[in-house]
Structures are given as structure tokens and as C-alpha cells.
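K.L.:
Build the 3D model from these lines:
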Amino acid sequence: MNLKDELLRISSQLFEESSDYSSTLKEYKQLLRSISNQIIDSEAYRNNIHCKNGIAIGTVWAANCLDDLERTLKFIKGIERAIQERIHQKDSLHILYAGTGPFASLILPFVLRYANFNITYTLLEINPLSFEALKSTIQKFDLETHRINFINTDATKYQFAKSISPDIIVSETMQRALDSEQQVAVFYNLMRQSNPDTVFIPEKITLSIGTSSYKNDEPNIQQKYYRSHHNVFEVSKEAMGSNDWWFDKTTAELNFTKKQTILKSKELSIALEIVVMTGITIYKNEKLLINESGLTAPKYIQDVSNNKKKLLTIYSRYVLGSKPKLELRIV
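P.N.:
Next up, the predicted model:
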């Protein structure tokens, strides 16, 4: 089997409107896993890297992101739209992918799709084991002749060379509720160095305080309905330029505004739980909705099914550090 031809065949189906995307994505995952020769399944490849700005997940877990089919499909479609909007506007494009994992799976389909265009790819990966697997992946697909730069570094600290000006930056280094991983710090570091028209994918991430209840008040069905009440944190170019993001020169740390959410008796009377909900706009109309992906699964916070209070106040603030998260205090 010619791996390059097989990659082109499978990835081409991701851009066909009539494609069976689920079947295609499973083929894509199997192809990428097949070239790893089971090496990345050894114990060392399961270890996360603990950094100042959060964890960088181990190689095995990064590879397993392919199991989230809807996430993979919608990111690829969002990237495709961003490239299509810019490919004919400029003589060349520069795409930077931060946190590639062992396969650079969100960018790999475009290397062959746009082989005749002047596109440079910069691939950043902090995990040395994932980085070596990444270079091996590119080699096995015979893609070394394409304009691909490999950089083994922490994307939260990486400084662009003067010759680099990315048109599109891709980084999916996150979990639901923006827990633990480096997504926010990666976004801040790369976007503050970028041009105003640089596209970051995902374009916007929102965290909101929500509640769950039984749909149509029929507890026997056991189907939960989630409602978002108040957006309390956003990652986007607009948010970064707002008063909600501020850099403390004294401590040299990035900080975020504390938010207050009040849930009144009307909401609490039918609520089962308080949750944090994650919304992701990948690019323009391409979005990951509630429970479409592991990235948008609600995060349980507290059971309120037996709540007797007329209202609850929830104070929230996103914090960076070795364990980034949305900090909550319920009064």
C-alpha cells in the first residue's frame, strides 16, 4: 500500500459533501494508527508533561483525540474554510499548528490537498516523544519535500522569528471547561505576536454557567436538558483586547475578571445540577455544540435537585498556572 496515495484518497473524502464522514474518519484514524507500529502504546508514551501553564498530554492521549470524530471533522472543515478565504488573496500562506501530537492530524489532509499552492507549515510540539513520532509520520507519508518546519518547543513560550508571520494558527490543546491543558496560555502567547488579521482556530471558546434538568419534566426518560445562563469566560481576539483580560506588570502574570452569576428560584426549581458548559466556534459557522464532542461535554459542579434556597450566587474566575481552570465559589 502506498501510504501517500492512501492518505490522499481518505482525506479527499473529508471535503466531499456526499461523503460518509463517520466511515472516512475511522479509516483516517486507522491509517494514522497503523503507521505508529504500536510503538506509542508503550508506557513512556502515556506520560503527560507538567508545565508552568498546564499539562501537555502524553503521546497516547494525543493520538486518541482521533476517537472524537465530530471534533476532528469540524476542525478540518473550519480550517478548510479559513484556507479557502485566504488562498487566493495572497501569494503565499503560513499555517502554524501548535500542539500537533504524533500525527498533526488536523493539518495533514491539507498538505496534499494544497500541494500546488505556496503554503508553509510550522509544526510545534512540546512533547519530545510526540515530536519524534510526528517527524516519522511526515517521513512515512513521503511529505518531506513540502514546506514543513518542525519545532520542538513549548507553544506558551515560543517566539516567532522575524521571518514568520502566520496567517492561520491552529491549536486544540484543551479539555472541556478549559481544564488542565494549555489552550489559554498558547492562545495568548501566539496571538499577541500576530497580525490583527491572523486567524486563530478555534476562533472563540466560551465557558458559561449552566444547569441541567429533565427534558419536558419527564424523569423516567432520563434525558437531560442543558441550559446556559451566563457566559463567564471567553477566549478570542475580541476578549483578549477587552477589560476582561489584563496583564499585571508587577507579577508579570495574565489575569481575568471575576464574574458573578445569580440563579433565581425559577431556574433552581427545575434544576438538577449546576454545570460549566463549553461552547466552541471553530471558524465562523463551524461550531461544536453541547455534547457533540468530549470538548463540549458539560462539567458537573454541584447537585441542586434538593435545593431549598431562593437563589444561588456563583462567583467564577479563570486562573492560569500549572493547573489552569475556571475557579468557582457558590454562595
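K.L.:
ok, now how distant is the nearest residue to residue 6 once chain neighbours are set aside from residue 83?
P.N.:
Distances taken as C-beta to C-beta, 6 or more residues apart in numbering put residue 31 closest to residue 6, at 6.0 Å, once the chain neighbours are dropped. Where you see a C-beta, it was placed from the backbone N, CA and C, and this is true even at glycine. Shown here: residue 31 relative to residue 83, a distance of 22 Å by C-beta to C-beta, to the nearest Å.
K.L.:
Now the helix or strand where the residue nearest to residue 6 lies: buried residues?
P.N.:
In this assignment (DSSP states H and E), residue 31 forms part of helix 21-34. By neighbour count on 16 or more other C-beta atoms under 10 Å, the buried set for helix 21-34 is 21, 24-25, 27-29, 31-33.
K.L.:
Going by neighbour count, list what's buried in the next helix-or-strand element following it.
P.N.:
Note on helix 21-34: by DSSP H and E, the next helix or strand toward the C-terminus is strand 49-51. Of all the residues in strand 49-51, those buried under the rule 16+ other C-beta under 10 Å are 49, 51.
K.L.:
For strand 49-51, the averaged confidence score.
P.N.:
Strand 49-51 comes out with an average pLDDT of 96.
K.L.:
Need the contact partners of that strand.
P.N.:
Contacts with strand 49-51, where a contact means C-beta atoms under 8 Å, 6 or more residues apart in numbering, come from 55-56, 58, 126-127, 154, 156, 182, 322.
K.L.:
coming back round to it: now the buried residues of helix 21-34 as JSON lines including distance to residue 293 and pLDDT?
P.N.:
Converted to JSON lines, the buried residues of helix 21-34 look like this (distance: C-beta to C-beta, whole Å; pLDDT from 0 to 100):
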{"residue": "21", "distance to residue 293": "14", "pLDDT": "94"}
{"residue": "24", "distance to residue 293": "17", "pLDDT": "96"}
{"residue": "25", "distance to residue 293": "13", "pLDDT": "96"}
{"residue": "27", "distance to residue 293": "20", "pLDDT": "96"}
{"residue": "28", "distance to residue 293": "16", "pLDDT": "96"}
{"residue": "29", "distance to residue 293": "15", "pLDDT": "94"}
{"residue": "31", "distance to residue 293": "21", "pLDDT": "95"}
{"residue": "32", "distance to residue 293": "18", "pLDDT": "94"}
{"residue": "33", "distance to residue 293": "20", "pLDDT": "90"}
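K.L.:
any idea which of those is the one closest to residue 117?
P.N.:
Ranked by distance to residue 117 (C-beta to C-beta), the buried residues of helix 21-34 are led by residue 28 at 21.8 Å.
K.L.:
before we move on, which element is the closest residue to that closest one other than its chain neighbours in?
P.N.:
The shortest distance from residue 28 to any non-neighbouring residue, by C-beta to C-beta, 6+ apart, is to residue 10 (5.2 Å). Taking DSSP H and E as the definition, residue 10 sits inside helix 3-13.
K.L.:
what's the angle from that helix to helix 21-34?
P.N.:
Orientation check (axes from the mean of the first three to the mean of the last three C-alpha atoms, to 10 degrees): helix 3-13 against helix 21-34 gives 160 degrees.
K.L.:
pretty sure the residue nearest to residue 6 contacts residue 10?
P.N.:
Yes: here residue 31 reaches residue 10: they are 6.1 Å apart, a contact under C-beta atoms under 8 Å.
K.L.:
quick one: least confident helix or strand in this structure?
P.N.:
Lowest by mean pLDDT, DSSP states H and E among the helices and strands of the chain is helix 265-268, with a mean of 90.
K.L.:
What's the first helix or strand after that helix?
P.N.:
Next along the chain from helix 265-268, counting by DSSP H and E, comes strand 273-283.
K.L.:
Neighbouring strands of that following strand in the sheet, and parallel or not?
P.N.:
Strand 273-283 has these partner strands in its sheet, going by DSSP bridges: strand 204-214 (antiparallel), strand 286-288 (antiparallel), strand 299-303 (antiparallel).
K.L.:
What segments of the stretch 51-200 of the chain are strands?
P.N.:
For the stretch 51-200 of the chain, the strands defined by DSSP state E, counting those that start in this stretch cover 54-56, 93-98, 119-124, 148-151, 168-170, 199-201.
K.L.:
Which of those sits closest to residue 254?
P.N.:
Closest of the strands of the stretch 51-200 of the chain to residue 254 is strand 54-56, at 12.7 Å (criterion: C-beta to C-beta).
K.L.:
Just the mean pLDDT for the closest one, thanks.
P.N.:
97.
K.L.:
Contacts for that strand, please.
P.N.:
Contacts of strand 54-56 (C-beta under 8 Å, 6+ apart): 48-49, 99, 126-127, 154, 173, 180-183, 185, 320-324.
K.L.:
The residue lying closest to residue 157 once chain neighbours are set aside: what's it in contact with?
P.N.:
Setting aside the residues directly before and after it, residue 157 is nearest to residue 189 in space (C-beta to C-beta, 6+ apart), at 6.7 Å. Applying C-beta under 8 Å, 6+ apart, we find residue 189 in contact with 155-158.
K.L.:
Among those, pick out the one closest to residue 255, please.
P.N.:
Among the contacts of residue 189, residue 156 lies closest to residue 255 (C-beta to C-beta), at 15.8 Å.
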